[in-house]
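Peer 1: Based on what follows, work out the 3D shape:
(chains A and B)
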Amino acid sequence: MKHTLTVLVENKPGVLTRIAGLFARRGYNIESLAVGRTENPAFSRMTIVVEGDDRVIEQVTKQLYKLIEVIKLTDITNDEYVGREMILIKVNADPAIRGEIMQIVEIFRARIVDIGRNSLIIEATGDEGKIDAIESALRPFGIKEVVRTGKIAMARGAKSRNGRETL
Amino acid sequence: MRLTGAQALIKFLEDEGVKYVFGYPGGAVLAIYDALLESTKITHVLVRQEQAAVHAASGYARVTGRPGVCIATSGPGATNLVTGLATAYMDSIPVVAITGQVSTDMVGTDAFQEVDITGITMPITKHNYLVKDVKKLPAVIKEAFHIASTGRPGPVLIDLPKNISGAVFDYKPVGNVDLQGYKPTYKGHPTQIKNLTVLLEEAERPIICAGGGVISSNAWDVLRELAETLSIPVTTTLMGLGAFPEDHPLSLGMLGLHGTPYANYAVQNCDLLVGIGMRFDDRVTSAVQKFAPRAKVVHIDIDPAEIGKNVGVDLPIVGDVKNVLSELLKRVSPKRHDGWLEQIKEWKELYPLEYGEYNKRLRPQYILEKLGELTRGQAIITTDVGQHQMWTAQYYKFTKPRSFISSGGLGTMGYGLPAAVGAQLAAPDSLVVTVTGDGSFQMNMAELGTATEQKLPLKIILLNNSHLCLVKQLQYFNSGQRYSGVCFTGNPDFVKLATSYSGAVGLRIEKPEDVEPVLKEALSNGKLTLIDCRISDEELVYPVVPNNGALDEMIHFPEGEKKANE
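Peer 2: Below you'll find the predicted structure:
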């Protein structure tokens, strides 16, 4: 089963290497990993999607906690949360079929962000299902390139996932 | 106070009470070595290869319980530390390693003797640092000692570029360390401890399995009191040797792959197994799905990640072993397990550790048994890795904590002699004996030079069969006796080798009747002494649990030989 972990870490050089290295050497599979700094530049937050049974996830969690720079870690898989991913898709688009593509873009509430002579770049955000859906809807036109950010996630409600009340 | 980074480092080490640093100089640590010259409190021990520096620091740490400190230069100096750091990491030994690095403006340019040692050692240190700003150095060193020595101990590395160790700054000692992401749990959860008292009350056939954590948390006295109060037999892991006196009636000796038959039978038949400061390593459990099949398993450890990692646990308690056991002791009342202890006594009588004849040819087990008798189990024993290590674990009979100094988790050959250097400096009045084999000894035998320089009266018992017999034994059982790459035909005369060092003594044991007089001579001469013991390469370590076997499926010392000796 896929688990979504949100991890608050110190914003220091080498932290990403420590975490990626830990996953690699203990044989855990990272489905996706997104990282950026938080409202406090001393900290970064990572959203890690990891595949594994409960035992694996328990080990992943405990091993991550052993890293000195990991401050707080929450498995929000079973909580109410907002999960988003962004995709950029470069798709073949002869002028003749652009209208059709634009309809699809409309349906998914995506945006066209660049127009080339025979191609478009489309930007979409949403949960994984929506992103997969737009990708497959555009596939028949010929996808030239895809870039995805990996999931970022935040628990719903007032509760904060920071290690302290205010960082 | 205006100091260079290097001077600040040495000042900090002095304030921390560090008496010895083990190291090897080089271009990237010139400033540190220069600052060392000014120190009257710290003695630098010059080794022959950096690996020995970290092993010596770890030997020192195992004897004292305080962090051992080593220094190496950048590049090859730093990479030579790798094996020693991994050794310390696997056995949870507090070590602080300081490496030189090329100047910060050269980092990343593949400069001369540049290596990314923080990258290399990430998986084998508890934490590591690359210091890029000299002002942060005092906090980094303070944190390094704090992290190395608290919680589950382990090695920490500080990589110090040479322009940082050379930079002058305003040194101020730092206050207490507060790391938001590092808060080890010391107190066991009261409810869990209470639940354990219930399990202990209900158990009819309980055993305790004590590991290295009992030693690192200084909990051996509490453990003994608990075992005696509740009449629970105690087995130890290799790292736990010395945590419970082996001359105690409740002692089962070591369990596992080469454990005592009665320890292994007790594990497989107990109804409650309390693992304390140990990690259910594969050498302990053998086939993990068949391990302790009738038992509820309790696991007490300071590292939550160890709990449930290898073995399913019915009751986990995260906390410092001494803290948890002391709390537990307050809540239990005396209990007896007469039937269970009777059963164990019967196993001890039926299946003792045995090796057959001792007086017809020279037997390694006999040498170690005699060593145990002559030192009354009071010496500090360091070992290398091989058959000799297992025989030492089986036959020496450890009665004191911090007296068995050996590489358990990583199984590092070459550990014994440099670790003995650290151990002897840590305990100058103790008798320090290295038990080694000809394979392991040759990996770091250059350290005879360090021992000579430091005037250390180490005793080296070299069980010499010109073979790598633990590997040979694996090939005997698993490769159809096809022996590959296990024979040395070019060994030196070790007696001559030893005596080529000024003041050192070389002795030889060839016959059983040599054992006692030669050992006595060596133990009392006050000099660095090597004893070359010429043993057979046909010896096997028994008992041995076959691959993927359960602990009670162990192969005993062959009955035929036993009968033949009668």
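Peer 1: Only C-alpha atoms from now on, for both contacts and neighbour counts.
Peer 2: Will do.
Peer 1: Might you report the residue contacts of the residue of chain A most remote from its centre?
Peer 2: Here the centre of chain A is the reference, and by C-alpha atoms, centre = their mean the most remote residue is residue A:96, at 33.9 Å. If a contact means C-alpha atoms under 8 Å, 6 or more residues apart in numbering or on different chains, then residue A:96 has no contacts.
Peer 1: Can you classify it by secondary structure?
Peer 2: Classification of residue A:96 using DSSP: H, G, I helix; E, B strand; the rest coil returns helix.
Peer 1: On the three-state scheme, the one residue in chain B that gets nearest to chain A is what?
Peer 2: Nearest residue of chain B to chain A (C-alpha to the nearest C-alpha) works out as residue B:181 at 4.2 Å. Here residue B:181 is recorded as coil under three-state DSSP.
Peer 1: Tell me the residues on the stretch 251-400 of chain B that lie near chain A, please.
Peer 2: Within reach of chain A by C-alpha under 8 Å from any C-alpha of the partner chain, the stretch 251-400 of chain B has these residues: B:304-305, B:309.
Peer 1: Downstream of the host helix or strand of residue A:16, the next helix or strand is which one?
Peer 2: For residue A:16, the host element (DSSP states H and E) is helix A:15-25. Next along the chain after helix A:15-25, taking DSSP H and E as the criterion, comes strand A:29-37.
Peer 1: The helix or strand just after that following strand pairs with which strands?
Peer 2: Downstream of strand A:29-37, the first helix or strand assigned by DSSP H and E is strand A:43-51. Strand A:43-51 pairs in its sheet with strand A:2-10 (antiparallel), strand A:29-37 (antiparallel), by DSSP bridges.
Peer 1: pLDDT (mean, whole number) over strand A:43-51?
Peer 2: For strand A:43-51, the mean per-residue pLDDT is 96.
Peer 1: before we move on, what about stretch B:18-29?
Peer 2: Mean per-residue pLDDT for stretch B:18-29: 98.
Peer 1: Kindly report the same for stretch B:433-453.
Peer 2: The pLDDT scores in stretch B:433-453 average 98.
Peer 1: Could you list the buried residues of that stretch?
Peer 2: Neighbour counts over stretch B:433-453 (16 or more other C-alpha atoms under 10 Å in any protein chain shown) mark B:433-441, B:443-452 as buried.
Peer 1: what helix or strand is residue B:22 on?
Peer 2: Using DSSP H and E, residue B:22 falls in strand B:20-23.
Peer 1: What lies in contact with that strand?
Peer 2: Against strand B:20-23 from outside (C-alpha under 8 Å, 6+ apart): B:42-47, B:50, B:53-54, B:56-57, B:68-72.
Peer 1: if we can go back for a sec, looking at the strands paired with strand A:43-51, which is buried most?
Peer 2: Highest mean neighbour count among the strands paired with strand A:43-51 (mean count of other C-alpha atoms under 10 Å in any protein chain shown): strand A:2-10, with a mean of 22.
Peer 1: I'd like the average pLDDT over that strand.
Peer 2: 96.
Peer 1: now stretch A:120-131
Peer 2: 95.
Peer 1: cool, and stretch A:93-109?
Peer 2: What stretch A:93-109 shows for mean pLDDT is 93.
Peer 1: Enumerate the positions of that stretch that are buried.
Peer 2: A:93, A:98, A:101-102, A:105, A:108.
Peer 1: Can you tell me what sits against stretch B:159-179?
Peer 2: By C-alpha under 8 Å, 6+ apart, the residues outside stretch B:159-179 that reach it are A:68, B:1-8, B:12, B:28-32, B:98-104, B:117-118, B:128-135, B:138-139, B:142-143, B:146.
Peer 1: about what we covered before: I'd like the residues of the stretch 251-400 of chain B next to chain A as TSV, with distance to residue B:481, pLDDT and secondary structure appended.
Peer 2: Putting those into TSV (distance: C-alpha to C-alpha, whole Å; pLDDT from 0 to 100; DSSP: H, G, I helix; E, B strand; the rest coil) gives the following:
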residue	distance to residue B:481	pLDDT	secondary structure
B:304	42	96	helix
B:305	40	96	helix
B:309	35	94	coil
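Peer 1: Specify which member of the residues you listed is nearest to residue B:188.
Peer 2: residue B:304 (11.4 Å; C-alpha to C-alpha).
Peer 1: What spatial separation is found between the residue nearest to that closest one when sequence neighbours are not counted and residue A:58?
Peer 2: Closest residue to residue B:304 apart from its sequence neighbours, by C-alpha to C-alpha, 6 or more residues apart in numbering or on different chains: residue B:318 at 5.9 Å. Applying C-alpha to C-alpha, to the nearest Å, the value for residue B:318 to residue A:58 is 15 Å.
Peer 1: more crowded one of these two?
Peer 2: The residue with more neighbours, out of residue B:318 and residue A:58, is residue B:318; 23 against 16, by other C-alpha atoms under 10 Å in any protein chain shown.
Peer 1: correct me, but that one touches residue B:298?
Peer 2: No. In this structure, residue B:318 is not within contact of residue B:298 by C-alpha atoms under 8 Å, at 10.7 Å.
Peer 1: Which neighbours do those two have in common?
Peer 2: Where contact means C-alpha under 8 Å, 6+ apart, no residue is in contact with each of residue B:318 and residue B:298.
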